[in-house]
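[1] just the structure for this:
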Amino acid sequence: STSPRSLHAVVGLIVDEDQHAAVVPDGWRVRRLPPTAWSDLGEVDVAVVMSPAFDPAAVVSARPHLRLIHLAESDDLAARLTADEGLRIAIKTPARKGQEAHWGDFHFANSLADALIAQGHTVRVDVRDDWYGPLAATDDVVIVLRGLAVYRPQPHQTNLIWIISHPEAAPVAELAGYDHVFVASEPYARTLAALTDRPVEALLQCTDPVRFNAQVDTSGMPDDELVFVGNARGVFRPAVQWALESGRTLALYGRGWEGLVPQGAVRTNYVPNEILAGLYRAGGVVLCDHWDDMRRLGFISNRVFDALAAGAVLATDAVEGLEGVFGSHTPTIVASAEDVAKVARDADALRLKAKAASDWVLANHTFANRAERIVQVAEAALALKPVLRPVLKPRA
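    All right, here's what the predicted structure looks like:
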């Protein structure tokens, strides 16, 4: 139904003095505004930005939920005004500017953004350097991917935190600023729920089916016997140690291994995310291990979901709750060099089960699955907020 307010919705056209303004369709009142004058902002329901000189920071204090449409000359304003552009969502990732490609959290954030966009929402990914940038206060919903950096939630927004790694780095007191807490561990979600008055639920890590599926191209990929993708982290990681002691051939992909492993074991220090699935699927066995706190508290690495989705044979260290999540599709659990040698010998037989595991992961554990739940929670939380962005339609 059309609200009384929407009968005389006002479009503010933010244009330069010599700029040709877009034609506003019938049913909308129009105010032409220069990019620096916001004294009449209170009368504007939708701001259509055409001026390249416009600074979004100018609107933040007065109208944090004002709908902004950035209009290119080729855009159809009528279509943009009447379209339901969904929620305006920012995803905050701890990745640093200029180093994004090396942060798994950044790829994770972009896959989540793609899934949310596909569901009709307007989404931006902010690296740590841009968390509090000029556009930040205009978002309806903020999703914080909690790794090692602390974000300061803004109270006028709906703030969701998703603890996907390093759980012990996020103190319980920090959760008080959030409307909802997602945790990438079923056991730890139960623990946190007993310690905070914030709503807590398990939301496991997942995979991007566009990149990770059993049909990925493996042409030109090495058929390494054992594959480990990961950085040294300054320590001799268990899976690598077991692999080197197993007597089988290990191919390492990652940084920081110099001086820790035999020369020649490191194939390259970086694998682009776009070809990772092919590398997983072409290898004999993909090895995965977890930080001690993540293993103990039940945080299953996204590498488990990615490798299984790609149809790879996977071996991982034991993680609390792993079998409860994966059931008959649980990857082989290894805890010694003997275990790794055995899984390498059995790789061909294990590969027969890989397609079923891939199908199951892609049906249950994708970013689309997670985005759907996040939006349900965000919309319910937004409904409780005192300030809501109006849904505006022109009068008939």
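[2] and the helices in the stretch 151-300 of the chain?
    Counting by DSSP state H, counting those that start in this stretch, one finds helices in the stretch 151-300 of the chain at the ranges 186-193, 238-245, 276-282, 292-297.
[3] among those helices, which is the most enclosed?
    helix 276-282 (a mean of 23; mean count of other Cβ atoms under 10 Å). From N, CA and C alone the C-beta is placed, and that goes for glycine too.
[4] quick revisit: make CSV out of the helices of the stretch 151-300 of the chain and add distance to residue 52 and mean pLDDT.
    Converted to CSV, the helices of the stretch 151-300 of the chain look like this (distance: least, Cβ to Cβ, whole Å; pLDDT from 0 to 100):
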stretch, distance to residue 52, mean pLDDT
helix 186-193, 46, 97
helix 238-245, 51, 96
helix 276-282, 38, 96
helix 292-297, 45, 94
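[5] those: which one's closest to residue 332?
    Of all those, it is helix 238-245 that lies closest to residue 332, at 12.0 Å by Cβ to Cβ.
[6] contact partners of that closest one?
    226, 228, 250, 252, 257, 260-262, 265, 287-289, 315-317, 334-337, 339-340 (Cβ atoms under 8 Å, 6 or more residues apart in numbering).
[7] just these: which are in strands?
    226, 228, 250, 252, 287-288, 315-316 (DSSP state E).
[8] nearest to residue 95, of those residues?
    residue 288 (21.2 Å).
[9] state the distance from the residue lying closest to that closest one once chain neighbours are set aside to residue 290.
    Excluding the flanking residues, the one nearest residue 288 by Cβ to Cβ, 6 or more residues apart in numbering is residue 316, at 4.2 Å. According to Cβ to Cβ, to the nearest Å, residue 316 stands 8 Å off from residue 290.
[10] dump the ones in strands among the contacts of helix 238-245 to a markdown table, plus neighbour count, pLDDT and distance to residue 106.
    Compiled in a markdown table, those are given as follows (neighbours: other Cβ atoms under 10 Å; pLDDT from 0 to 100; distance: Cβ to Cβ, whole Å):
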| residue | neighbour count | pLDDT | distance to residue 106 |
| --- | --- | --- | --- |
| 226 | 26 | 97 | 27 |
| 228 | 25 | 97 | 21 |
| 250 | 25 | 96 | 27 |
| 252 | 27 | 96 | 22 |
| 287 | 28 | 98 | 23 |
| 288 | 23 | 97 | 20 |
| 315 | 27 | 98 | 27 |
| 316 | 24 | 98 | 23 |
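[11] can you redo those residues as CSV with distance to residue 76?
    Below are the ones in strands among the contacts of helix 238-245 laid out as CSV (distance: Cβ to Cβ, whole Å):
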residue, distance to residue 76
226, 54
228, 50
250, 56
252, 52
287, 51
288, 48
315, 53
316, 50
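[12] tell me which two in these are the farthest apart.
    Taking Cβ to Cβ, no two of the ones in strands among the contacts of helix 238-245 sit farther apart than 252 and 316, at 16.6 Å.
[13] all helices for the stretch 1-150 of the chain, in order.
    Counting by DSSP H, counting those that start in this stretch, the helices of the stretch 1-150 of the chain are 57-60, 77-82, 104-118.
[14] the last one: how far from the chain's middle?
    Relative to the mean C-alpha coordinate of its chain, helix 104-118 is positioned 4 Å out (Cα atoms, centre = their mean, to the nearest Å).
[15] any idea of the mean pLDDT in it?
    Average pLDDT, helix 104-118: 93.
[16] I'd like to know which elements it is packed against.
    If you count contacts as 3 or more Cβ pairs under 8 Å, 6 or more residues apart in numbering; DSSP states H and E, helix 104-118 packs onto strand 88-92, strand 122-126, strand 141-146, helix 367-382.
[17] which other helices and strands contact the last one?
    Meaning helix 367-382. By 3+ Cβ pairs under 8 Å, 6+ apart, helix 367-382 packs against helix 104-118, strand 141-146, strand 158-163, strand 180-183.
[18] no further questions, thank you.
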